[in-house]
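[1] below are the sequence and a predicted model for it; my questions follow.
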Amino acid sequence: MRLAALLSRVICCLVLTLAVQAKAHEVQPAISDITVFEDRVDLAIALALEAPLAGIDLDGLTDTNDAENGAEYDRLRTLPPPELEAELRAAWPDLRELITLRAGETALTPELRQIDIPAVGNPALSRTAVIWLEATLPDDGTPVVFGWAASLGALVVRQQGVADGYTGFLTGGALSPPLPRDASETRQLRETTLIYLVAGVVHILSQGIDRILFVLALFFFVLGWGPVFWQVAAFALGHAVVLALAGLGVFAVPLGSLWLVEALVALSITYVAAENLLRPKFGWLRPVTVFAFGVLHGLTFASVLVDFGLPQGQVAPAVIGFAVGIELALLAVILAAFLAVILARAFADVAQLGDEEALVRDLPVLYRAVSLVVSFVVACLGAYWFFARLGVVH
């Protein structure tokens, strides 16, 4: 049957795509703290040094395994800190040219002051170094503009030392707005909410493949909008509570424990997918379980939000915007999955099946078949990520 042939193609594409993602070295945005004084500007940038040193173009890249210089990137990840620092200092004159830093129309030359590189750990995990830069400002009071080339990837810019300092998420080589030396103009609440909403969407769609698979597992549990609604609502409530508490400063996930949280997130993905296979029957326990997993996922969302930075005096719109952005991205995933199932059934052959009643009659059959395949693949990937994040496999 043409339906079976189409389904087999969809399954093959899905398995191949997700199998590649299972080996992904995800690209994380760099995070920069900029402080503008009267006579100088200081920068602290946290990033994975290996990518620029390997000459990898990060513009639009989500997985370093897709880059031409992926082997060199992996080699650099195994270097001890002194050797990697030597590589950076040798390459610094060229890398500096990719940074835009100016006061008014005056181009500034950032000097490399300090480098902090962690010891080599699990080479399958990203290693975040911090570099400190400094540049002298001209004596004209002009504001400072900062950014870097698109090839260096996404960049979070957080202005320090002023009330309501600028916080932005820059992609594609975009530059910050002019940052004054004395005080920052108060940002409108609407602008803050929009900035953090976009950051939430971008985080899920560019870095959240495991969260996307988790939501797909929720969608493919049982056919019906009711179960989907209650599961998504429980998941959203779980991580919204955590984001709110993190925004209020009630708690923060220690960086040393984040790897364990990420491992448990992977285990939660395996659990919901396995339940799809073994017990596809909706009941009150499923939303409760999903809520608990929402809290767990919220811990990682909170760490991203804290890295992005929360503007003083505008914490509430920032947290709300980020949470809404995450929800919009996840709802887009559910809508895409729903449309994919409908289109697959329609293309299976409207002419052969004859009428719309056949489409409605056979939809549950197609849905369950795809559910079994997707859930099996997601369960396997979740298990792989769990052991990889524990350092058992690479």
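    On my side now, so go ahead. Please read all numbers here as calculations on a predicted model, not as lab measurements.

[2] geometric centre of the protein: which residue is closest?
    Nearest to the geometric centre of the chain sits Gln207, at 2.7 Å (C-alpha atoms, centre = their mean).

[3] quick one: it from Gly249, how far?
    The gap separating Gln207 from Gly249 is 24 Å, by C-beta to C-beta, to the nearest Å. Just so you know, the C-beta spots here come from the backbone N, C-alpha and C atoms, and that holds for glycine as well.

[4] same deal with Val120?
    Val120 is 33 Å from Gly249, by C-beta to C-beta.

[5] who has more neighbours, these two?
    Val120 (14 against 10; other C-beta atoms under 10 Å).

[6] residue contacts, that one?
    With contact set as C-beta atoms under 8 Å, 6 or more residues apart in numbering, Val120 has these partners: Arg77, Thr78, Leu79, Pro80, Pro81, Arg127.

[7] quick one, what contacts the fifth one?
    Under the criterion of C-beta under 8 Å, 6+ apart, the neighbours of Pro81 are Ile117, Pro118, Ala119, Val120.

[8] try 10 Å this time
    The contact partners of Pro81, taken as C-beta atoms under 10 Å, 6 or more residues apart in numbering, are Ile115, Asp116, Ile117, Pro118, Ala119, Val120, Arg127, Ala129.

[9] closest to Ile212 among these?
    Taking C-beta to C-beta as the measure, Ile212 lies nearest Arg127 of the contacts of Pro81, at 25.0 Å.

[10] got phi/psi on His279?
    Wrong residue type there; residue 279 is Arg, not His. When read as degrees, to the nearest 10, the backbone of Arg279 gives phi -150, psi 70.

[11] just the pLDDT for it.
    Per-residue confidence (pLDDT) for Arg279: 85.

[12] same check on Thr109?
    Thr109 is given a pLDDT of 92.

[13] skip the chain neighbours and tell me the closest residue to it.
    Leaving aside its sequence neighbours, Thr109 sits nearest to Ala135 (C-beta to C-beta, 6 or more residues apart in numbering; 6.1 Å).

[14] tell me what the one you found is bridged to.
    Judged by DSSP bridges, the bridge partners of Ala135 are Val41.

[15] show me the contacts for it.
    40-43, 99, 101-103, 107-111, 144, 146.

[16] mind listing what's buried along stretch 31-40?
    For stretch 31-40, the neighbour count (16 or more other C-beta atoms under 10 Å) marks Ile31, Ser32, Asp33, Ile34, Thr35, Val36 as buried.

[17] the contacts of Pro81, buried ones only, as a ChimeraX selection?
    Restricted to buried positions by 16+ other C-beta under 10 Å, the ChimeraX selection for the contacts of Pro81 reads:
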select :115,117,127,129
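
[18] just the contacts of Pro81: which are in strands?
    Judged by DSSP state E, the contacts of Pro81 include Ile115, Asp116, Ala129 as members of strands.

[19] the last one: what's it in contact with?
    Right, Ala129. The contact partners of Ala129, by C-beta under 10 Å, 6+ apart, come to 45-50, 81, 84-85, 88, 115-118.

[20] list the buried residues in the host helix or strand of Leu330.
    In this structure, Leu330 is located in helix 315-353 according to DSSP states H and E. Residues of helix 315-353 classed as buried by neighbour count (16+ other C-beta under 10 Å): 315, 317-330, 333-334, 337, 341, 344-345, 348, 353.

[21] below-threshold pLDDT in the chain: ranges please.
    Along the chain, segments meeting pLDDT under 70 span 1-27, 60-67, 122-125, 163-164, 182-188, 252-257, 312-313, 345-363, 394.

[22] all the strands of it, in order from the start?
    Going by DSSP E, the chain shows strands at 30-36, 40-47, 99-103, 106-107, 111-116, 129-136, 144-148, 155-160, 167-170.

[23] what's the angle from the second one to strand 155-160?
    The reference is to strand 40-47. Inter-element angle recorded for strand 40-47 and strand 155-160: 140 degrees (by axes from the mean of the first three to the mean of the last three C-alpha atoms, to 10 degrees).

[24] could you pull out the buried residues of strand 40-47?
    Buried residues in strand 40-47, counting neighbours by 16+ other C-beta under 10 Å, are found at Val41, Asp42, Leu43, Ala44, Ile45, Ala46, Leu47.

[25] which other helices and strands contact it?
    Helices and strands touching strand 40-47, as assessed by 3 or more C-beta pairs under 10 Å, 6 or more residues apart in numbering; DSSP states H and E, comprise strand 30-36, strand 99-103, strand 111-116, strand 129-136, strand 144-148, strand 155-160.

[26] how about 7 Å then?
    Secondary-structure packing of strand 40-47 (3 or more C-beta pairs under 7 Å, 6 or more residues apart in numbering; DSSP states H and E): strand 30-36, strand 129-136.

[27] what of the fourth one?
    Under the contact criterion of 3+ C-beta pairs under 7 Å, 6+ apart, strand 106-107 touches no helix or strand at all.

[28] figure out how far that strand is from the centre of its chain.
    A distance of 33 Å separates the centroid of the chain from that of strand 106-107, by C-alpha atoms, centre = their mean, to the nearest Å.

[29] sorry, back to before: Gly238 is nearest to which of the helices and strands packed on strand 40-47?
    strand 30-36 (25.6 Å).

[30] OK, contacts around Leu175?
    Thr100, Val145, Phe146, Gly147 (C-beta atoms under 7 Å, 6 or more residues apart in numbering).

[31] export those residues to CSV and tack on distance to Glu191 and neighbour count?
    Output for the contacts of Leu175, formatted as CSV (distance: C-beta to C-beta, whole Å; neighbours: other C-beta atoms under 10 Å):
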residue, distance to Glu191, neighbour count
Thr100, 23, 17
Val145, 18, 17
Phe146, 19, 28
Gly147, 19, 21
